[in-house]
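Colleague: missing the sequence, but the structure's below:
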Ligand code: SAH
Ligand code: SF4
Ligand code: F3S
């Protein structure tokens with residue numbers, strides 16, 4: 001008897017790294033139900049859109065993509081279409097109502113039920129599951145891609161989910177639910193498994209990753225303790241984590257940056273605004289000075305750390321003076337990298353009903369902030385030229401013979417290198433800097 005032909009699964013991922021990780025885990029879960037991944041929606045028997053609800057534009061993309069996919073269903077009656085992720089959680093029933101082509105809606109906390117839900121939609125029913133069940137979804141999701149398949153050199157590993165901070169603009173506490181940490185033993189086992197598959201760099205993920213407090217046998221572990229234990233895994237060479245909240249930047253985590261060589265000198269620590277008035281209206285529960293004081297302590301522990309941040313401009317009530325305070329904060333910090341957004345009112349969040357800053361004012365402020373942030377980023381990039389950095393080579397570049405890797409500061413580095421070196425950390429002399437990448441050349445062994 002021959003095995004049944006595998007069905008094809010196409011997943012399109014939007015939003016943050018947690019969605020990237022979840023997509024991999026969902027792919028693993030559906031493998032058990034007889035699916036194998038495909039890169040083409042045309043060839044698929046199941047299409048999942050793993051969505052993001054953080055800003056209006058992100059959420060709108062889902063509906064336009066569903067419109068594009070609809071004709072595929074006419075061509076292939078066996079095709080099933082599902083929506084997962086944060087839009088599924090926030091607007092599941094509306095999606096079902098507005099888009100008859102959608103067979104399946106699953107919220108982020110119910111992914112382990114995917115195989116059962118798949119069977120239901122295969123049988124011709126529609127299915128919606130946006131519950132927050134008691135059980136931990138990660139306990140029930142099989143590892144991705146078969147028993148010991150090789151992996152790319154870098155991987156994400158979700159250690160914490162959800163958020164209890166309730167920033168006034170943010171949907172995450174509603175779409176991902178209450179803050180919850182996975183047990184350290186499970187995380188360590190998953191990390192060892194990744195390393196056995198060839199992973200050398202792990203980025204620990206959480207919406208509030210530094211609030212991690214996973215239940216160990218000897219009490220709750222902090223993120224610093226978890227990183228310390230992970231650093232003991234042979235073969236794991238680099239550890240990163242994202243995203244952190246300033247108020248959860250514990251003393252032991254700050255100290256870890258000076259003590260654990262495998263912990264990379266890069267920290268994404270969003271502040272959102274430099275104005276105390278706006279920070280209060282955002283319910284951030286810290287001041288600009290408090291944030292800068294934390295950065296001082298981090299820099300004392302790790303002087304060369306590269307800092308990255310997120311900003312929202314045009315939050316309701318933001319005046320030109322408030323905005324100036326944001327520019328001043330940026331001047332003080334000099335971020336190596338930063339992400340900035342126009343405020344987007346999100347249904348159900350506390351700030352949603354507040355009077356908005358006019359769109360053209362938001363645009364103009366975003367433009368000015370981005371010009372400043374780009375200048376600082378360019379300076380940071382330029383300062384690398386002439387230095388020799390340890391670069392983790394990840395994959396082939398666009399040019400023949402070229403490989404792309406990452407510096408300790410998360411910069412992309414392009415260089416001529418043998419593809420067989422993928423997964424190795426090499427010494428690279430930096431020869432040129434672009435705004436978003438560096439060019440390098442292999443240096444003599446041991447020079448890094
Ligand atoms: N958990 C992370 C990030 C959450 S979302 C944290 O606490 O920092 C990523 C970024 O999107 C946020 O840092 C914020 O800058 C931006 N963002 C979130 N909600 C937004 C909204 N309603 N409008 C515009 N930007 C928003
Ligand atoms: Fe959203 Fe604030 Fe929680 Fe970050 S800390 S996920 S911005 S509510
Ligand atoms: Fe978007 Fe949900 Fe991540 S709203 S940013 S996909 S947690």
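Modeller: In hand now; what should we look at? Here the structure is a predicted model, which is why all the values come from computation and not from measurement. Numbering: from 1, shown residues only. Ligands and ions are numbered 1, 2, ... in the order given.

Colleague: going forward, measure contacts between C-alpha atoms and count neighbours the same way
Modeller: Fine.

Colleague: tell me which stretches of the stretch 151-300 of the chain form helices.
Modeller: Remark: helices assigned in the stretch 151-300 of the chain by DSSP state H, counting those that start in this stretch are 172-175, 184-196, 223-231, 251-259, 276-281, 288-301.

Colleague: looking at these, which is nearest to ligand 3?
Modeller: helix 172-175 (5.5 Å; Cα to the nearest ligand atom).

Colleague: surely residue 137 and residue 131 touch.
Modeller: No - the pair residue 137 and residue 131 does not pass the contact test of Cα atoms under 8 Å, sitting 11.5 Å apart.

Colleague: okay, and the common contacts of those two?
Modeller: Listed contacts common to residue 137 and residue 131 are 109, 110; contacts here mean Cα atoms under 8 Å, 6 or more residues apart in numbering.

Colleague: higher neighbour count, these two?
Modeller: residue 137 (15 against 12; other Cα atoms under 10 Å).

Colleague: contact partners for the more buried one?
Modeller: Residue 137 makes contact with 109, 110, 111, 112, according to Cα under 8 Å, 6+ apart.

Colleague: likewise residue 434?
Modeller: 378, 381, 382.

Colleague: residue 21: which of these is nearest?
Modeller: Taking Cα to Cα as the measure, residue 21 lies nearest residue 381 of those, at 28.6 Å.

Colleague: OK, contacts around the closest one?
Modeller: Residue 381 sits next to 336, 433, 434, 435, 437, 438 when contact means Cα under 8 Å, 6+ apart.

Colleague: mind checking how far whichever residue of the stretch 301-448 of the chain sits closest to ligand 2 is from residue 53?
Modeller: Closest residue of the stretch 301-448 of the chain to ligand 2, Cα to the nearest ligand atom: residue 310 (9.2 Å). Separation of residue 310 from residue 53 (Cα to Cα, to the nearest Å) stands at 17 Å.

Colleague: spatially nearest residue to residue 315 (excluding sequence neighbours)?
Modeller: Spatial nearest neighbour of residue 315, chain neighbours left out: residue 343 (5.3 Å); criterion: Cα to Cα, 6 or more residues apart in numbering.

Colleague: what's the burial count for that neighbour?
Modeller: As a burial measure, residue 343 scores 20 neighbours (other Cα under 10 Å).

Colleague: next, it: phi, psi?
Modeller: phi -60, psi 140 (degrees, to the nearest 10).

Colleague: equivalent analysis for residue 84, please.
Modeller: According to degrees, to the nearest 10, residue 84 has phi -120, psi -180.

Colleague: and it, what are its bridge partners?
Modeller: On the basis of DSSP bridges, residue 84 is bridged to residue 50, residue 106.

Colleague: close to ligand 3: what parts of this protein are there?
Modeller: 15, 16, 19, 51, 52, 53, 54, 86, 172 (Cα under 6 Å from any ligand atom).

Colleague: what about the third one, neighbour count?
Modeller: Neighbouring residues of residue 19 were enumerated by other Cα under 10 Å; the total is 21.

Colleague: so who does it touch?
Modeller: Going by Cα under 8 Å, 6+ apart, residue 19 touches 13, 50, 51, 85.

Colleague: one more: residue 244?
Modeller: Shown in contact with residue 244 (Cα under 8 Å, 6+ apart): 207, 208, 209, 210, 211, 268, 269, 270.

Colleague: any idea how far ligand 1 is from the residue in the stretch 201-350 of the chain that ligand 3 sits nearest to?
Modeller: Nearest residue of the stretch 201-350 of the chain to ligand 3: residue 207, at 6.6 Å (Cα to the nearest ligand atom). Distance of residue 207 to ligand 1, given as Cα to the nearest ligand atom, to the nearest Å: 4 Å.

Colleague: residue 13 too?
Modeller: Residue 13 is 16 Å from ligand 1, by Cα to the nearest ligand atom.

Colleague: ignoring the adjacent residues along the chain, who's closest to that residue?
Modeller: The spatial neighbour of residue 13 that comes closest, neighbours along the chain excluded (Cα to Cα, 6+ apart), is residue 50 at 4.8 Å.

Colleague: ok, back up a step: need phi/psi at the residue of the stretch 201-350 of the chain closest to ligand 3.
Modeller: Backbone torsions for residue 207, taken as degrees, to the nearest 10, come to phi -60, psi -30.

Colleague: tell me how many other residues surround the nearest residue to residue 287 once chain neighbours are set aside.
Modeller: Counting by Cα to Cα, 6+ apart, the nearest residue to residue 287 once its immediate chain neighbours are dropped is residue 276, at 5.3 Å. By other Cα under 10 Å, the residues close to residue 276 number 19.

Colleague: isn't residue 276 right up against residue 284?
Modeller: No - counting by Cα under 8 Å, residue 276 does not reach residue 284; the two are 9.5 Å apart.

Colleague: near ligand 1, which residues of the stretch 51-200 of the chain?
Modeller: Contact residues, the stretch 51-200 of the chain versus ligand 1 (Cα under 6 Å from any ligand atom): 54, 55, 169, 170.

Colleague: so which of those is the closest to ligand 2?
Modeller: Closest to ligand 2, out of all of these and judged by Cα to the nearest ligand atom, is residue 170, at 4.5 Å.

Colleague: run a quick neighbour tally on the spatially closest residue to that closest one that is not a sequence neighbour.
Modeller: Of all residues not flanking residue 170 in the chain, residue 349 sits nearest, at 6.4 Å (Cα to Cα, 6+ apart). Residue 349: 17 surrounding residues under other Cα under 10 Å.

Colleague: phi first, then psi, for residue 349.
Modeller: According to degrees, to the nearest 10, residue 349 has phi -90, psi 150.

Colleague: got it, and residue 81?
Modeller: Residue 81 has phi and psi values of phi -120, psi 130 when expressed as degrees, to the nearest 10.

Colleague: now residue 176
Modeller: The phi/psi pair for residue 176 (degrees, to the nearest 10) is phi -110, psi -10.

Colleague: that one and residue 160 touch, don't they?
Modeller: No - between residue 176 and residue 160 there is no contact under Cα under 8 Å: 10.7 Å.

Colleague: relative to residue 46, how far out is residue 73?
Modeller: For residue 73, the distance to residue 46 - Cα to Cα - is 10 Å.

Colleague: which of those two has more neighbours?
Modeller: More crowded of residue 73 and residue 46, by other Cα under 10 Å: residue 46, with 23 against 16.

Colleague: ok, back up a step: neighbour count for residue 310 and residue 53, which is higher?
Modeller: residue 53 (25 against 15).

Colleague: in contact with the more buried one, which residues?
Modeller: So residue 53 contacts 15, 59, 86, 87, 90, 171 (Cα under 8 Å, 6+ apart).

Colleague: just those residues: which are in helices?
Modeller: 59, 86, 87, 90 (DSSP state H).
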